[in-house]
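S.K.: with the sequence up front, the predicted model follows.
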Amino acid sequence: MRRLITLAAIAAATLGVAVTVDSTSAGAARGDAPTQITIVRPVNGAGYARTGFTVRAEPTGGVDCSFADPSPAAVSPNIEWCSPSAAYAVACWNAHAAGKVLCMRNPRARKLVRIPRLGGFAPTGLAPQRERAPLSMVLGNSDSCSIRDGGTGAIRIDHPQWIATYYCDSGKIIWMRPGDHHLGIFERFPTWSVVVAGASGPISARHVARAWFVGTYTGG
């Protein structure tokens with residue numbers, strides 16, 4: 001996650017500007033229903049998957065969770081964004097099984113993957129408030145969008161300083177512009193909004209109908 005934040009900071013410093021969501025985006029959000037926020041808690045504090053969640057083992061490869069990089073979608077501590085990007089380990093818990101982590105890639109599905117852990121699991125707090133953002137969203141037009149995990153991203157031809165932060169099933173992209181918080185999600189109103197566009201072509205504001213975050217289960 002910090003890889004994306006760093007790229008945005010570099011872009012803002014290079015341009016010497018702070019970009020905010022325009023009045024069109026904000027006004028569009030005011031007329032829509034408030035964003036529904038869902039918190040999924042698939043793993044308990046002991047590192048076990050909860051009943052009702054399936055676990056699929058990925059025995060090859062491994063992820064590095066030895067640096068304290070919290071998942072932006074975490075509402076509980078010790079949920080990490082692990083490397084490498086190819087593993088798409090965007091929200092991982094230290095598993096009870098030695099040398100393993102349990103990771104959730106899609107909070108809309110009751111599925112986890114168990115991945116070998118390379119090195120230790122760093123104690124991790126929450127991401128700074130301005131960097132928190134959901135793992136997944138459904139927009140007002142029913143388009144589903146998932147958080148980007150670093151790597152080489154799309155470039156907006158007419159706005160090369162924008163950073164792609166979510167990829168949507170429609171092929172569209174959610175963009176974070178220099179100065180934006182929450183990976184480009186505008187949260188000032190009860191209905192959140194985002195800037196959606198392809199690598200070229202029309203740019204539009206969409207409201208976020210539903211957003212998914214993750215936490216650790218603390219019940220019995």
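M.R.: Thanks, I have it. Keep in mind that this is a model prediction, so the values were computed, not measured.

S.K.: give the closest residue to the most centrally placed residue in the chain in space, chain neighbours not counted.
M.R.: For the chain, the residue nearest the mean C-alpha position is L135 (3.6 Å; C-alpha atoms, centre = their mean). Spatially, and ignoring its direct neighbours in sequence, L135 is nearest to A73 (4.2 Å; C-beta to C-beta, 6 or more residues apart in numbering). C-beta: built from backbone N, CA, C; applies to glycine.

S.K.: ok, now which ones touch the one you found?
M.R.: By C-beta atoms under 8 Å, 6 or more residues apart in numbering, A73 lies in contact with 79, 90-91, 107, 132-135, 147, 212-214.

S.K.: widest-spaced pair of these?
M.R.: By the measure C-beta to C-beta, P107 and R132 form the most distant pair in the contacts of A73, at 14.4 Å.

S.K.: need the helices for the chain, in chain order.
M.R.: For the chain, applying DSSP state H gives helices covering 2-15, 23-30.

S.K.: for S144, see how far away the residue nearest to W212 when sequence neighbours are not counted is.
M.R.: Nearest residue to W212 in three dimensions, chain neighbours excluded: P107, at 3.8 Å (C-beta to C-beta, 6+ apart). Distance check for P107 against S144: by C-beta to C-beta, to the nearest Å, it reads 11 Å.

S.K.: between those two, which is the more surrounded one?
M.R.: Between P107 and S144, counting by other C-beta atoms under 10 Å, P107 is the more crowded of the two (22 against 16).

S.K.: residue contacts, the nearest residue to S146 once chain neighbours are set aside?
M.R.: Leaving aside its sequence neighbours, S146 sits nearest to S136 (C-beta to C-beta, 6+ apart; 5.2 Å). Listed by C-beta under 8 Å, 6+ apart, the contact partners of S136 are 106-108, 144-147, 211-212.

S.K.: could you redo the last one with a cut-off of 7 Å?
M.R.: Neighbour list for S136: 106-108, 144-147, 212 [criterion: C-beta atoms under 7 Å, 6 or more residues apart in numbering].

S.K.: okay, now the unreliable bits of this protein?
M.R.: In the predicted model, the chain carries pLDDT under 70 at residues 1-30, 220.

S.K.: repeat that for 80
M.R.: For the chain, the stretches with pLDDT under 80 are 1-31, 220.

S.K.: and the strands in it?
M.R.: Along the chain, counting by DSSP state E, strands occupy 36-44, 54-57, 63-64, 92-94, 100-103, 111-118, 136-139, 144-147, 163-168, 173-176, 193-197, 203-217.

S.K.: so of the ones you listed, which one's packed in deepest?
M.R.: Greatest average neighbour count among those goes to strand 92-94 (a mean of 27), per mean count of other C-beta atoms under 10 Å.

S.K.: which residues touch that one?
M.R.: If you take C-beta under 7 Å, 6+ apart as the criterion, strand 92-94 is touched by 43, 47, 63, 65, 78-80, 82, 101-103, 121, 216.

S.K.: same question for stretch 116-124.
M.R.: Under the contact criterion C-beta under 7 Å, 6+ apart, stretch 116-124 has outside partners 62-68, 70, 77-78, 80, 94, 99-101.
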